[in-house]
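Asks: Okay, predicted coordinates and the sequence, questions at the end:
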Amino acid sequence: MFNFFKNSPAKPATDTKERKLSTESYKGVRDFFPTDMAVEKHIFSIWRNISEKYGYEEYGASVLEPADLYRAKSGEELINEQTYTFTDRGDREVTLRPEMTPTLARMVAAKKRELIFPLRWYSIPNLFRYEQPQRGRVREHWQLNVDLFGVESITAEIEVINMAYDITRAYGLKDTDFEIRINNRKVMNYITKEVFGLDEESARKVSKLIDKKEKIPREKFEAGIREIFDGQKIAAKAPQFLTLLNSKNFEEFATNLPASASEHEGIAEIRRVIAGLEKLGITNARFDQTLMRGFDYYTGIVFEVFDLNPANRRSVFGGGRYDELLALFGNEKVPAVGFGAGDVVAQDLMETYGTLPQAPASADIALCVMGETNTPFALDLAQKLRDKGTRVVVDLSGKKLGDQIKNADRRHIPKVIVIGEEEVKTGKFKVKDLKSGEEVDMSV
């Protein structure tokens, strides 16, 4: 835990000649130079455009929250090991938000009687987690959060998964590049507890082990399952459970269930979600009995968008139904479905598929000024053009004309106007297209 700000002793002034400050950023965070910012803006524009096409409204909140908010939802482990938590000058324990959903739940609970349901909200917060930086994971990132409150039916899942599909396509992927994997907590709870008779703790251990299934050797995974079942005195049932987990498709999974379980509510919900997506033309959704996504949090359908590219085989983003979160604030249950999508993974995806945008031009026209006395005219002309909606930059460097034009070209500015004594005198000038070399005569 980090005790920032409280009772911090004043440090003596340091002579900069003795110690130079590092130009490196803090480990696990990123600097955004203009070219990087252009990519970030492109990702944000995809998120905003698609969210708003579905009628979702943007909200926001402070990065600071009481630590108890995350302690109540996620437990001491998150607070003690993965967050930036400190005690402020007022002796309050504060956390830089590691996720947005608890904040959203707090906001909805606070204004529940005033809000109009169904509630469609989205946000693009920056989030902080103290973890080991690696590909696709840093200590500070931005994330799209999409949430739909107040819809009990499975149509809520169909809508948000449709949005996730549209976002992935907007990244530049084709249907054959990714798949949408779907599971249901109701099904897994039913199977582990009722069909196989595991107690609450053993069922949780099984869920956590399944979540690691693709990351550990098969022998180690199966040994872990057998150990849990043996501890419950039902070792003979372990092979049947492993057969169920290794089912190749939904129908095989359902066939391996007891007859009484084949029409379980959770199974029916999965069928309806996949069928509903198919009616919308989304045919790359499939059932995945090993998909867990933090089952302690979700109450029904869960899903992930999974990249199939061998260079980047991983979950891209996902979410699911969580109907009980508002109960943390003493409120009655409110049905809710949502998902999150991170900016780091989005950029990795577009790099993998070659769909990152080219660096945009900083302006539409550059005014190259020959001589300081001609600057007032250039500034006046630039303002007239800006008033008409044109992006204009005036070169105030005083460099040679050739260097000014080269700099405009390096900044991808498509057109230049040279302002010299003749242009000031006559009010006439040429607009030159740097790509084609074509010139057009114009006047003020």
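Replies: It's in.

Asks: Could you pull up the mean pLDDT of the helix or strand harbouring Met350?
Replies: For Met350, the host element (DSSP states H and E) is helix 343-353. Across helix 343-353, the average pLDDT comes to 93.

Asks: The helix or strand following that helix pairs with which strands?
Replies: Where DSSP H and E defines the elements, the next helix or strand beyond helix 343-353 is strand 365-369. Sheet pairing here is set by DSSP bridges, and for strand 365-369 it gives strand 392-395 (parallel), strand 415-419 (parallel).

Asks: still on that earlier bit, packing partners for the helix holding Met350?
Replies: Counting contacts by 3 or more CB pairs under 8 Å, 6 or more residues apart in numbering; DSSP states H and E, helix 343-353 is packed against helix 34-53, strand 140-149, strand 314-321. Using the backbone N, CA and C atoms, a C-beta is placed for each residue, glycine as well.

Asks: export the ones you listed to CSV and tack on distance to Asp177, mean pLDDT and mean neighbour count?
Replies: As requested, these are exported to CSV (distance: least, CB to CB, whole Å; pLDDT from 0 to 100; neighbours: other CB atoms under 10 Å):
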stretch, distance to Asp177, mean pLDDT, mean neighbour count
helix 34-53, 16, 94, 16
strand 140-149, 20, 95, 22
strand 314-321, 10, 91, 22
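
Asks: nearest to Thr87, of those?
Replies: Smallest distance to Thr87 across the helices and strands packed on helix 343-353 (CB to CB): 21.0 Å, for strand 140-149.

Asks: the helices in the stretch 1-150 of the chain, which residues?
Replies: 34-53, 67-74, 76-77, 101-110 (DSSP state H, counting those that start in this stretch).

Asks: for the stretch 201-350 of the chain, same thing?
Replies: So, for the stretch 201-350 of the chain - with DSSP H, counting those that start in this stretch - the helices run 218-231, 238-245, 250-256, 265-279, 343-353.

Asks: Enumerate every residue touching the residue nearest to Trp142 when sequence neighbours are not counted.
Replies: Using CB to CB, 6 or more residues apart in numbering and skipping residues adjacent in sequence, the residue nearest Trp142 is Asp343, 4.3 Å away. Counting by CB atoms under 8 Å, 6 or more residues apart in numbering, Asp343 makes contact with Glu40, Ile43, Phe44, His141, Trp142, Gln143.

Asks: what's the answer for Glu304, then?
Replies: In this structure, Glu304 makes contact with Ile180, Arg181, Asp288, Leu291, Arg293, Ser315, Val316, Phe317, Gly318, judged by CB under 8 Å, 6+ apart.

Asks: Also Arg169?
Replies: Contacts for Arg169 (CB under 8 Å, 6+ apart) come out as Asp175.

Asks: now it: how far from Arg139?
Replies: Using CB to CB, to the nearest Å, we find Arg169 at a distance of 30 Å from Arg139.

Asks: Gln347 too?
Replies: Computed with CB to CB, the distance linking Gln347 and Arg139 is 16 Å.

Asks: Read off the pLDDT value for the closest residue in space to Glu81 that isn't next to it in sequence.
Replies: Closest residue to Glu81 in three dimensions, ignoring its sequence neighbours and counting by CB to CB, 6+ apart: Tyr130, at 7.5 Å. Looking at Tyr130, its pLDDT reads 85.

Asks: give the contact list for Tyr130.
Replies: Glu81, Gln82, Thr83, Tyr84, Arg139.

Asks: Tell me which of those fall in strands.
Replies: Using DSSP state E, the subset of the contacts of Tyr130 located in strands is Tyr84.

Asks: And the contacts of Tyr130, which of them are buried?
Replies: With neighbours counted using 16 or more other CB atoms under 10 Å, those contain these buried positions: Gln82, Thr83, Tyr84, Arg139.

Asks: What is the end-to-end distance of stretch 223-238?
Replies: End-to-end distance for stretch 223-238, by CA to CA, to the nearest Å: 10 Å.

Asks: pLDDT weak spots in the chain?
Replies: 1-18, 73-78, 133, 136, 259-263, 294-296 (pLDDT under 70).

Asks: Residue ranges of each domain in it, please.
Replies: With domains defined by automatic domain parsing, the chain comprises 34-61+100-353, 365-443.

Asks: can I get these in CSV with distance to Lys27?
Replies: Rendered in CSV, the data for the domains of the chain read as follows (distance: least, CB to CB, whole Å):
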stretch, distance to Lys27
domain 34-61+100-353, 7
domain 365-443, 32
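
Asks: which of the ones you listed sits most buried?
Replies: Of all the domains of the chain, domain 34-61+100-353 has the most neighbours on average by mean count of other CB atoms under 10 Å, namely a mean of 17.

Asks: rewinding a little: a markdown table for the helices of the stretch 1-150 of the chain, including distance to Ala311?
Replies: Formatted as a markdown table, those follow (distance: least, CB to CB, whole Å):
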| stretch | distance to Ala311 |
| --- | --- |
| helix 34-53 | 19 |
| helix 67-74 | 32 |
| helix 76-77 | 32 |
| helix 101-110 | 31 |
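
Asks: So which of those is nearest Lys174?
Replies: Between Lys174 and these, the tightest spacing by CB to CB is seen for helix 34-53, at 16.1 Å.

Asks: Check which helices and strands that closest one sits against.
Replies: With contacts taken as 3+ CB pairs under 8 Å, 6+ apart, helix 34-53 sits against strand 57-58, strand 119-123, strand 140-149, helix 155-170, helix 343-353.

Asks: Now distance to Thr95 too, for those, in a markdown table please.
Replies: Below are the helices and strands packed on helix 34-53 laid out as a markdown table (distance: least, CB to CB, whole Å):
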| stretch | distance to Thr95 |
| --- | --- |
| strand 57-58 | 23 |
| strand 119-123 | 17 |
| strand 140-149 | 14 |
| helix 155-170 | 27 |
| helix 343-353 | 21 |
